[in-house]
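Q: Can you look at this prediction? I've put the sequence above it.
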Amino acid sequence: MYEKLTRKNGAYSLPFLIELSDSTDSTVLRFVDNISDITYEGKEYKASAIEYTPNDTELGFSGGGTLEVAHTGEMIIDLIETQREIKLSVIGVLFENGTVFPIKSFNHRYCKATPNGQTVTFDFYKDDRLEMTFPAITWNTYNNKGNA
């Protein structure tokens, strides 16, 4: 619904609630583009200056996106330095009256992170499942006995 609103009425600038996590979800960092922290569904989202720009989708798959987060302590640097895969989940947008509209369509994995002294910029790659190479052999009961 949110995507339909932005296509129909122009681009809106609403604060996003985001989660950055490692591949096992053992470390999860939550941020909101707001001046004060908020709690949504029992989870605390830390106020920070963030800018998220999703790329256009390609055949229904994520087209990637860019996330810029103001440097908010060493936890985000630790996440970058210790993990090979960082996941971004956009949880929702915050309306002026304090309600959150959930969003489920923006989830990304695999990125290039560029920290500087004040911000960290994540460039998330597009979903590459459309570019996968499939094997020439089609497995069946004849050439893969006991498994097909």
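A: Looks like it came in fine. Computed from a predicted model, the values in this text were never measured in an experiment.

Q: Can you report how many residues neighbour the nearest residue to V93 once chain neighbours are set aside?
A: The shortest distance from V93 to any non-neighbouring residue, by CB to CB, 6 or more residues apart in numbering, is to L14 (4.1 Å). C-beta coordinates here come from the backbone N, C-alpha and C atoms, glycine included. Number of residues near L14 (other CB atoms under 10 Å) recorded here: 15.

Q: got it, and G117?
A: 5.

Q: so who does it touch?
A: The contact partners of G117, by CB atoms under 8 Å, 6 or more residues apart in numbering, come to H71.

Q: for the chain, what spans make up the strands?
A: 16-22, 28-33, 38-40, 43-48, 50-54, 65-70, 86-94, 100-102, 107-108, 111-115, 119-124 (DSSP state E).

Q: Show the low-confidence segments of this structure, by residue range.
A: Residues of the chain that meet the criterion pLDDT under 70 lie in 1-13, 57-62, 72, 105, 127-137, 148.

Q: Nearest residue to the middle of it?
A: By CA atoms, centre = their mean, the chain has its centre lying nearest to L88, at 2.4 Å.

Q: Quick check: that one touching H108?
A: Yes: under the criterion of CB atoms under 8 Å, L88 makes contact with H108 at 4.5 Å.

Q: and for these two, which residues touch both?
A: With CB under 8 Å, 6+ apart as the test, L88 and H108 both reach 65, 124.

Q: mind putting the strands of the chain in a markdown table, distance to I76 included?
A: As requested, these are exported to a markdown table (distance: least, CB to CB, whole Å):
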| stretch | distance to I76 |
| --- | --- |
| strand 16-22 | 7 |
| strand 28-33 | 6 |
| strand 38-40 | 19 |
| strand 43-48 | 9 |
| strand 50-54 | 11 |
| strand 65-70 | 7 |
| strand 86-94 | 10 |
| strand 100-102 | 22 |
| strand 107-108 | 16 |
| strand 111-115 | 8 |
| strand 119-124 | 6 |
